[in-house]
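*Asks:* what's the 3D shape of this:
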Amino acid sequence: MSDEKPRTESHDPDYPEQLLEFMRTGWRDDAVPVPERPQAAHHARRRAAVSAAFPGEIIVVPTGPERVRANDSNYPFRPGSDFAYLTGDYDPGSVLILHPSGDAVLYTKIRAPRESDEFFRSRDGELWVGRRQTLDEKATELGIRTAPLSELTAALADCPPGRTRVLRGFDPVVDAAVLPYDTEEAGARDAELGRVISELKLVKDEWEIAQLRAAIDATVRGFEDVARILPADRGVSERLVEGVFGLRARHDGNGVGYSSIVGAGANGTILHWIRNHGTTVPGELLLMDMGVEGHHLYTADVTRVVPVSGTFTPLQRQVYDIVYASQQAGIEFIKPGVAFRDVHLTCMRVLAEGLHALGVLPVSVDEAMDKDSTLYRRWSLHGFGHMLGIDVHDCARARKEKYREGELDEGNVLTVEPGLYFQPEDELVPAELRGIAVRIEDDVLVTAEGAVVLSDGLPRRSADVETWLAAQREAGGPRLP
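*Replies:* Residues are numbered from 1 along each chain as shown. This is a model prediction of the structure:
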């Protein structure tokens, strides 16, 4: 039987009984061969690691339901990152339960029988959304035991308070079903589950690195597509740039990994500019922070700044070269055992030196770098980078001593993205600097030998950016597959 009643809408036409009887018959149900995914073993090892961190306890990890966008239309579903990291399942509403015995069960929505009304009438039915996997098919593909979602309520009722940890905030039904033994203590216990998963994600395995490489390679193609349609002699909408990249992201991956930032001119000084309703201007810069999310949800995160006219002005080049020098210093500093914070300080010192050379820093470089000052941050604002993976800001719940105050380790993947932003309203800088924004961001793998720039398919030096832009424009429109 189906897990729930058919979901219909107020404007749906009525079904006469004769039509219902007719629709319930005559459907062939073909079997679909499903091999086990090669990455299933990686997911199993991750589940085992989570269970080992909490011996004798039950772990509950939901992916969350679909979210309403407006009235009866939903946002495209994107599974919970931690859930996907542990299961490889991308369907909405599912819940993973890890038992102390080592048994893992994935509770998921079952297929409706072909003779049921849900099959053809429900907005969740297969004639509306396509064929679902059977429980056996999903179990085979993911390498995990499956059970109907309708059995979840009973399973959660058997999860004793004090010996159960829940990844909360994803599924209100699960949150309400597993009542905490003590609110304050349970909150800390559940938060520790999120922390452990985040810290497991710090070091990527070979399959994850391959997914990141694929997403980054697609992102390089997306930037090339954009450069090919960017005119040098007239303005175009930031949303044209966003849309062209989004086409590549949707074709080569799951979509964009985050809302694309396309900042023409002074819009580039707004760190999270996602309105993208501006227009490029010849003679100004265009800042683009964009990344493709791959088919298995691992995302790239790359930023490039190009001169719309094709050539940097002397002042634009000076600012760009400062940021490039900062980024290069950070990349060269990266290796296992290096403190995350020291990479930050390495990048920031070069920015501070550049600001001093521009004549805008009101104190010496050493004074600006003092932890009780950091005056340079007026024009840089953010840190040097962040961990990257199945989330664009991956491992966010890891302890500070393991992440921001910890040391880099082989297998970390992180961004290096220093930037300088001179706001158009900033009266402490010369007028000619106002509205200039430069951020250069690349995705870096930490290896035993040091940093490997995974996004090196895109140029970083100012002269190379000009050459690359000219070559893309010469090549013409976006490449078709």
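
*Asks:* show me where this structure dips below the pLDDT cut-off.
*Replies:* Low-confidence segments of the chain, defined by pLDDT under 70: 1-5, 180-186, 480-481.

*Asks:* buried residues, the top helix by length along it. List them.
*Replies:* Looking across the chain with DSSP state H, the single longest helix is helix 206-229. Buried residues in helix 206-229, defined by neighbour count with 16 or more other CB atoms under 10 Å: 207-209, 211-229. For the C-beta atoms, the positions are set from N, CA and C on the backbone; glycine is no exception.

*Asks:* ok, stretch 419-428 next?
*Replies:* Quick answer for stretch 419-428 (16+ other CB under 10 Å): Gly419, Leu420, Tyr421, Phe422, Gln423, Asp426.

*Asks:* likewise for stretch 77-89?
*Replies:* Neighbour count says stretch 77-89 has Arg78, Pro79, Gly80, Ser81, Asp82, Phe83, Ala84, Tyr85, Leu86, Thr87, Gly88, Asp89 buried, by 16+ other CB under 10 Å.

*Asks:* how far is it from where the chain is centred?
*Replies:* Distance of stretch 77-89 from the chain centroid (CA atoms, centre = their mean, to the nearest Å) equals 12 Å.

*Asks:* just the C-alpha atoms of that stretch, please, in PDB.
*Replies:* Below are the C-alpha coordinates for stretch 77-89, written out as PDB (Å, rounded to 0.1, in the frame of the first residue of the first chain):
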ATOM      1  CA  PHE A  77      14.400  19.400  -3.800                       C
ATOM      2  CA  ARG A  78      18.000  19.300  -2.600                       C
ATOM      3  CA  PRO A  79      18.700  16.600   0.000                       C
ATOM      4  CA  GLY A  80      20.200  17.400   3.300                       C
ATOM      5  CA  SER A  81      24.000  17.400   2.900                       C
ATOM      6  CA  ASP A  82      24.800  15.200   5.900                       C
ATOM      7  CA  PHE A  83      22.100  12.700   5.000                       C
ATOM      8  CA  ALA A  84      23.400  12.500   1.400                       C
ATOM      9  CA  TYR A  85      27.000  12.200   2.700                       C
ATOM     10  CA  LEU A  86      25.900   9.100   4.700                       C
ATOM     11  CA  THR A  87      23.500   7.400   2.300                       C
ATOM     12  CA  GLY A  88      23.800   8.700  -1.300                       C
ATOM     13  CA  ASP A  89      20.000   8.900  -1.400                       C
END
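
*Asks:* for Gly419, see how far away Arg275 is.
*Replies:* 19 Å (CB to CB, to the nearest Å).

*Asks:* ok, Ser455 - contacts?
*Replies:* Ser455 makes contact with Ile216, Thr219, Val220, Ala300, Val302, Asp442, Asp443, according to CB atoms under 8 Å, 6 or more residues apart in numbering.

*Asks:* which outside residues touch stretch 49-64?
*Replies:* 79-80, 82-84, 86, 89, 91-100, 102, 156, 159-160, 163-167, 170-171, 174, 178, 193, 196-197, 200.

*Asks:* make it 7 Å
*Replies:* 79-80, 82-83, 86, 92, 94-100, 102, 159, 163-167, 170-171, 174, 178, 193, 196-197, 200 (CB atoms under 7 Å, 6 or more residues apart in numbering).

*Asks:* which of the residues in it are buried?
*Replies:* Those would be Val50, Ser51, Ala53, Phe54, Glu57, Ile58, Ile59, Val60, Val61, Pro62, Thr63, Gly64, for stretch 49-64 by 16+ other CB under 10 Å.

*Asks:* over to the closest residue to Thr219 other than its chain neighbours: give its phi and psi.
*Replies:* Leaving aside its sequence neighbours, Thr219 sits nearest to Ala300 (CB to CB, 6 or more residues apart in numbering; 4.0 Å). Dihedral angles of Ala300 (phi, psi; degrees, to the nearest 10) stand at phi -90, psi 170.

*Asks:* and the one 3 residues further on, by the same measure?
*Replies:* Torsion angles at Thr303 (phi, psi; degrees, to the nearest 10) stand at phi -130, psi 130.
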